[in-house]
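S.K.: Just the structure for this:
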Amino acid sequence: MNDTNIQANPKQEDKEVTYPGIEGGLTRRQFIKTAGLIAGAALTEGALVATTPKIAVPAVIKGTRLHLLQWSNFVPPADDEIRRQAAEWGKQMGVEVTIETINANDLQARIASAIESGTGPDIVQMLHNWPYLYASGCVDVDDVAEKVEKMYGGFYKQIRDVSFVEGRYKAVPYHIVGAAMTYREDWFKEVGVEKFPDNWDEYRKVGKMLKDKGRPFGQTFGHTFGDAPAFAYPYLWSFGGKEVEEDGKTVALDSKETLQAVEFIVALWKDVFDETGLSWDDTSNNRAFLSEQISCTLNGASIYFVAKKQYPELAKRINHAVMPAGPAGRFHYHVTFEHAIMNYSKNVEAAKEFLLFLMDKPNFYKWFEIAEGYSVAPGPDHENHPLWQKDPRMLAFKDIGKLGHAIGYPAPPTRSASEALSKYIIVDVFARAIQGESPKKAIEWGASELRNVYKS
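M.R.: Residues are numbered from 1 along each chain as shown. So this is what the prediction gives:
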């Protein structure tokens, strides 16, 4: 783990925008502060939030309406907090804000429809590397992203790479849902395992012991937005496999490293995994773990979050760990979340101000605390937050952003890599082999599909 996965641009100037319509000409920071949007000390210190008199709001913002479309968070109180913050900001700024939440698997269809029709939400929450897919429909947001970048000590490489498209920020990095191994610490200890397996061979050995006791691991290879790619891609990379060369053009899936990875997953499926899990969605493994059907799964912290609220005794037996290493090293792929302002919006300036409000530290960290670390900041600033000291079972998520790589690795993100992800090509290579197709045939199919994508 090193700091090369955190990127900032120290050469960019922190320019202040002046609002001439306010007496004296206030800078953006002064305006926000005077409006009462930055008030009080850090929430983690429990300071009281001060209130200040309202002042005139620029005509470009006052009286407008904003519509933000986002996923339905697996931690519902986090969505409640976004709505509360939106109402607070809207009241102070004279803006009517609508927060719409839908299943994450339905977001892409809505985004594509909005861009095609030229009407829809002003702000859209994008996942993964979607800004590359929809760049032509998004406003450049360098001014907002650069301010957020400085607030959070630079951006983690994965989330910066997927938001920064051909030299411009097409989306503002928002947060990262880190993927870690969620496991039953007590069951692992029952078979003599005190520490989570460090590599895939150990993982297979431990998993087989637990499956033999009726406590398999659980993993999906279905067409679902989070858990399937979050496992398939870093698993492939850990064996040295890759979909494309560093040039971002030459398909490289058909290799001995990929073959080793696919053959090993077939053995893992038989020896380790719950074999009903092939087509699970992102909620299935949560339910399976909480019902004690499985003993380990790759997931965000949502399983633990629910257990603490509903099954406190179970929560005491849950822990988290980074993914095992393979012959080529240890990798992670997290689900990144970015805010894009659509270019058909008539409320771009209001949208930018609202995004700055959400990312202002008191507001973001209030949301972060309510979600109990399920989502982390787009940069390393959160690593020093007191939350991590309060709950050692969450420590695996603290630094995990440094291990994340973008889809298309080792090449930079591209629109082709985004398309391959959306078509679940890498996930399906593993799924086809698990279902009985020979590993070599599954890889040949995947390489052919990727060539069709990367030639376009």
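
S.K.: all contacts plus neighbour counts: C-alpha atoms, from now on.
M.R.: Fine.

S.K.: Walk me through the domains of the chain.
M.R.: Using automatic domain parsing, the domains assigned to the chain come out as 3-177+334-397, 180-332+423-454.

S.K.: least reliable of those going by mean pLDDT?
M.R.: Note on the domains of the chain: lowest mean pLDDT is at domain 3-177+334-397, with a mean of 81.

S.K.: The domains of the chain: which one's closest to Thr414?
M.R.: domain 3-177+334-397 (6.3 Å; C-alpha to C-alpha).

S.K.: in the stretch 251-400 of the chain, which spans are strands?
M.R.: 296-299, 318-321, 335-341, 375-376 (DSSP state E, counting those that start in this stretch).

S.K.: Tell me which of those lies nearest to Phe305.
M.R.: strand 318-321 (10.5 Å).

S.K.: Let me know which of the strands of the stretch 251-400 of the chain is the nearest to Gly90.
M.R.: Here strand 335-341 is closest among the strands of the stretch 251-400 of the chain (C-alpha to C-alpha), at 17.4 Å.

S.K.: on that earlier part again, need the strands of the stretch 251-400 of the chain in JSON lines (columns: mean neighbour count and distance to Gly90).
M.R.: Shown next, in JSON lines, are these (neighbours: other C-alpha atoms under 10 Å; distance: least, C-alpha to C-alpha, whole Å):
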{"stretch": "strand 296-299", "mean neighbour count": "27", "distance to Gly90": "34"}
{"stretch": "strand 318-321", "mean neighbour count": "22", "distance to Gly90": "38"}
{"stretch": "strand 335-341", "mean neighbour count": "27", "distance to Gly90": "17"}
{"stretch": "strand 375-376", "mean neighbour count": "27", "distance to Gly90": "24"}
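
S.K.: Quick one: closest of those to Ser416.
M.R.: strand 335-341 (17.9 Å).

S.K.: Give the other helices and strands that that closest one contacts.
M.R.: Contacts defined by 3 or more C-alpha pairs under 8 Å, 6 or more residues apart in numbering; DSSP states H and E place strand 335-341 against strand 123-127, helix 157-163, strand 172-177, helix 348-359.

S.K.: Quick one: closest of those to Gly436.
M.R.: Nearest of these (C-alpha to C-alpha): strand 123-127, 31.4 Å.

S.K.: Residues in contact with that closest one: which ones?
M.R.: For strand 123-127, contacts defined as C-alpha atoms under 8 Å, 6 or more residues apart in numbering pick out 66-71, 107, 111, 335-342, 351.

S.K.: related to what we said a few turns ago, want to throw the strands of the stretch 251-400 of the chain into a markdown table with distance to Gly222?
M.R.: Formatted as a markdown table, these follow (distance: least, C-alpha to C-alpha, whole Å):
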| stretch | distance to Gly222 |
| --- | --- |
| strand 296-299 | 14 |
| strand 318-321 | 23 |
| strand 335-341 | 16 |
| strand 375-376 | 23 |
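
S.K.: To Cys138, which of those strands lies closest?
M.R.: strand 335-341 (5.7 Å).

S.K.: Relative to that closest one, what are the paired strands and their orientations?
M.R.: strand 123-127 (antiparallel), strand 172-177 (antiparallel) (DSSP bridges).

S.K.: packing partners for the lengthiest helix in the chain?
M.R.: Scanning the chain for the helix with the most residues, using DSSP state H, yields helix 76-93. Here helix 76-93 touches strand 96-102, helix 348-359, helix 361-370, going by 3+ C-alpha pairs under 8 Å, 6+ apart.

S.K.: Could you rerun that using 7 Å?
M.R.: strand 96-102, helix 361-370 (3 or more C-alpha pairs under 7 Å, 6 or more residues apart in numbering; DSSP states H and E).

S.K.: mind checking which of the ones you listed is nearest Thr258?
M.R.: Comparing the helices and strands packed on helix 76-93 by C-alpha to C-alpha, strand 96-102 comes nearest, at 35.3 Å.

S.K.: Quick one: the helices and strands packed on strand 335-341 as CSV, columns for mean neighbour count and distance to Ser238 too.
M.R.: Listed next are these as CSV, based on neighbours: other C-alpha under 10 Å; distance: least, C-alpha to C-alpha, whole Å:
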stretch, mean neighbour count, distance to Ser238
strand 123-127, 25, 23
helix 157-163, 27, 17
strand 172-177, 27, 20
helix 348-359, 20, 33
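
S.K.: quick one, which of the ones you listed is nearest to Ile61?
M.R.: The nearest among the helices and strands packed on strand 335-341, by C-alpha to C-alpha, is helix 348-359 at 5.1 Å.

S.K.: Who are the contact partners of the residue nearest to Gly90 when sequence neighbours are not counted?
M.R.: Leaving aside its sequence neighbours, Gly90 sits nearest to Glu96 (C-alpha to C-alpha, 6 or more residues apart in numbering; 5.6 Å). Under the criterion of C-alpha atoms under 7 Å, 6 or more residues apart in numbering, the contact partners of Glu96 comprise 64-66, 90.

S.K.: again, but for Gly326
M.R.: 199-200, 238-239.

S.K.: who does it bridge with?
M.R.: The partner residues for Gly326, given DSSP bridges, come to Gly329.

S.K.: Make sure Ile443 is actually in contact with Val429.
M.R.: Yes: Ile443 lies in contact with Val429 (C-alpha atoms under 7 Å); the separation is 6.0 Å.

S.K.: Overlap of the contact sets of the two?
M.R.: With C-alpha under 7 Å, 6+ apart, Ile443 and Val429 have no common neighbours.

S.K.: one step back: can you list the contacts of Gly326 in CSV and add secondary structure?
M.R.: Formatted as CSV, the contacts of Gly326 follow (DSSP: H, G, I helix; E, B strand; the rest coil):
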residue, secondary structure
Asn199, strand
Trp200, helix
Ser238, helix
Phe239, coil
